[in-house]
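Engineer: attaching a predicted model along with its sequence, questions to come.
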Amino acid sequence: MPVKVFLNEDEIPRQWYNLAADLPTPLQPPLGPDGNPITPDMLAPVFPMNLIEQEVSQERWIDIPEEILEILYRWRPSPLHRAVYLEKALDTPAKIYYKNESVSPPGSHKPNTAVAQAWYNKQFGIKKITTETGAGQWGSALSFACSILGLECKVYMVRISFDQKPFRKTMMQTWGGTCVASPSDQTQAGRDILAKIPDTPGSLGIAISEAIEEAVTDKSGSTRYALGSVLNHVLLHQTIIGLEAKKQLQKIGEKKVDVVIGCAGGGSNFAGLAFPFVNDKINGAQIDIIPVEPTSCPTMTRAPFVYDHGDVAKMTPLLPMHSLGHNFIPPPIHAGGLRYHGLAPLLSQAIVEGLLTPQSIHQNECYESAVLFARTEGIICAPETSHAIASVIREAKKAKEEGKEKVILFNFSGHGLMDLTGYEKFFSGGLMDYALPEEEIQKSLKSIEGLPKPQTLKSGKW
Ligand SMILES: Cc1ncc(COP(=O)(O)O)c(C=O)c1O
């Protein structure tokens, strides 16, 4: 039985897939401070215009420039594995496949968009890119991409992850990037937070504010900001994952997928795998498509669909998304990349449509699943990825109860070799499961009470 499926370099997808072209109900526009839709030139101090054009594009297919493909060939196409050893351990009739994004040099899916964003910035004449990072995967991916393309890179890393994962900073340094803990004293946004909460664990929302502030206050005009998730163009770049997976499943003779699963922080690895299958679902296929989040940061399962800022200092436009409120500081769980108050607008709209079935899982169940995966398939996963694996195990057990030979596909978004502190805590019994009290969510949502509200657009087909 084959346990891996490869594609040759000449079989790599040459176009990205844009779900915005196919959503049955349209995405609502981002809004400016006055409540009116923003125009592309309002984003120009933050992003280069070539990426802004992608952000607002309604084209279904967008060509991947040859020079980007040449960099991606260093590790792409990534392998599709059949998890035969996990299947055996679970004694399930389900067939479990995973797309292994941990084979990239920084160890996750993040370089798929880091390379593309660095390349478009360079084309536009930009010399330096600033960004935030949660677990450090995105910061290292952008440092890696900038080193290949000869750009400067500055990363604001959420304080709790900076302390939990010190070697991520060394990885960024090795690729020539600079990494500081956020909140820092290097920006007004950081100083304001430190004055209010000196011992804060930080959040992605705070780190984003700091990185944007540094980009827009550079008077030379040669610095821009890059985001590792959430935005349409980031999700677009990740669709190479799902497009490759489709070809690989075809190659191995699978005609149909029953369940597609990925963890979701801002939503980029999930969308990258799932969107080509969401397209199939829109066209009539029966597929359960499941994004998974931590119970302690329940953006998809408990937060409303609202207009909110992507960051604490309200520097981003208002985005139509599921949000716990931009001031929300999630409990310090080990899946740092899933500690985000918001969710990609494209994913949020797909949830409103009923195309997706979000789940939330506690971190102890996730670590139990990660350990089982490591002891069967061999790879130690990132804490973020463990959420997808926990959901896969639930689905495989369900398939056994139902006696169905389901095909389950999931995204193995990254390895956890820089995240072993979380495993250590798990083994010593020191990991907490945080169920967020409803009052805390309601308190956080007070910060967005006066903001405009999006419409709930739903075709009613799902
Ligand atoms: C390995 C890994 N998986 C998943 C995520 C979550 O991000 P996203 O939802 O954008 O894929 C991260 C973010 O840091 C990550 O490092």
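Structural biologist: It's in.

Engineer: please report the distance of the residue in the chain that the ligand sits nearest to from residue 282.
Structural biologist: Nearest residue of the chain to the ligand, counting by C-beta to the nearest ligand atom: residue 337, 2.2 Å away. Every residue, glycine included, has its C-beta placed from N, CA and C. Distance of residue 337 to residue 282, given as C-beta to C-beta, to the nearest Å: 28 Å.

Engineer: span of stretch 290-298 from start to end?
Structural biologist: End-to-end distance for stretch 290-298, by C-alpha to C-alpha, to the nearest Å: 14 Å.

Engineer: let me see the mean pLDDT of that stretch.
Structural biologist: Averaged across stretch 290-298, pLDDT comes to 97.

Engineer: tell me the helices and strands packed up against the helix or strand bottoming out on mean pLDDT in the chain.
Structural biologist: Lowest by mean pLDDT, DSSP states H and E among the helices and strands of the chain is helix 159-164, with a mean of 92. Taking 3 or more C-beta pairs under 8 Å, 6 or more residues apart in numbering; DSSP states H and E as the contact definition, the neighbouring helices and strands of helix 159-164 are strand 178-182.

Engineer: direction included, what does the strand it packs on pair up with?
Structural biologist: Sheet pairing of strand 178-182 (DSSP bridges) gives strand 152-158 (parallel).

Engineer: tell me the centre residue of this protein?
Structural biologist: residue 268 (3.4 Å; C-alpha atoms, centre = their mean).

Engineer: does that residue really touch residue 227, like I thought?
Structural biologist: No: using C-beta atoms under 8 Å, residue 268 is not in contact with residue 227, being 9.3 Å away.

Engineer: identify the contacts common to the two.
Structural biologist: The contact sets of residue 268 and residue 227 overlap at residue 234 (C-beta atoms under 8 Å, 6 or more residues apart in numbering).

Engineer: so residue 312 sits right up against residue 189, yeah?
Structural biologist: Yes: using C-beta under 8 Å, residue 312 makes contact with residue 189 at a distance of 7.1 Å.

Engineer: who touches both of these two?
Structural biologist: Contacts common to residue 312 and residue 189, judged by C-beta under 8 Å, 6+ apart, are 206, 209.

Engineer: still on that earlier bit, for the residue nearest to the centre of the chain, give its distance to residue 461.
Structural biologist: On the measure of C-beta to C-beta, residue 268 and residue 461 end up 26 Å apart.

Engineer: what does residue 350 give?
Structural biologist: From residue 350 to residue 461 the distance is 12 Å (C-beta to C-beta).

Engineer: and these two? which has more neighbours close in?
Structural biologist: residue 350 (27 against 12; other C-beta atoms under 10 Å).

Engineer: please list all residues in contact with residue 325.
Structural biologist: Taking C-beta under 8 Å, 6+ apart, one finds 308, 341, 441, 444-448 in contact with residue 325.

Engineer: for it, phi and psi?
Structural biologist: Torsion angles at residue 325 (phi, psi; degrees, to the nearest 10) stand at phi 100, psi 130.

Engineer: nearest spatial neighbour of it, skipping sequence neighbours?
Structural biologist: Using C-beta to C-beta, 6 or more residues apart in numbering and skipping residues adjacent in sequence, the residue nearest residue 325 is residue 444, 3.8 Å away.

Engineer: that neighbour reaches residue 342, doesn't it?
Structural biologist: No: in this structure residue 444 lies outside contact range of residue 342 using C-beta under 8 Å: 11.9 Å.

Engineer: need the overlap of contacts for the two.
Structural biologist: residue 324.

Engineer: ok, these two, which is more surrounded?
Structural biologist: Set side by side, residue 444 and residue 342 show more neighbours around residue 342, with 29 against 20, by other C-beta under 10 Å.

Engineer: the more buried one touches residue 319, doesn't it?
Structural biologist: Yes: counting by C-beta under 8 Å, residue 319 is a contact partner of residue 342 at 6.8 Å.

Engineer: intersection of neighbour lists for these two?
Structural biologist: 230, 308, 310.

Engineer: residues contacting the closest residue to the last one other than its chain neighbours?
Structural biologist: When the adjacent residues along the chain are set aside, residue 310 lies closest to residue 316, with 3.9 Å between them (C-beta to C-beta, 6+ apart). Going by C-beta under 8 Å, 6+ apart, residue 316 touches 208, 212, 309-310.

Engineer: list, one by one, the residues from the stretch 51-200 of the chain near the ligand.
Structural biologist: Near the ligand, the residues belonging to the stretch 51-200 of the chain are 108, 134-135, 137-138 when assessed by C-beta under 6 Å from any ligand atom.

Engineer: lowest pLDDT pick from those?
Structural biologist: Out of those, that is residue 135, at 87.

Engineer: now that one, nearest residue through space, not along the chain?
Structural biologist: Nearest non-adjacent residue to residue 135 (C-beta to C-beta, 6+ apart): residue 336, at 3.7 Å.
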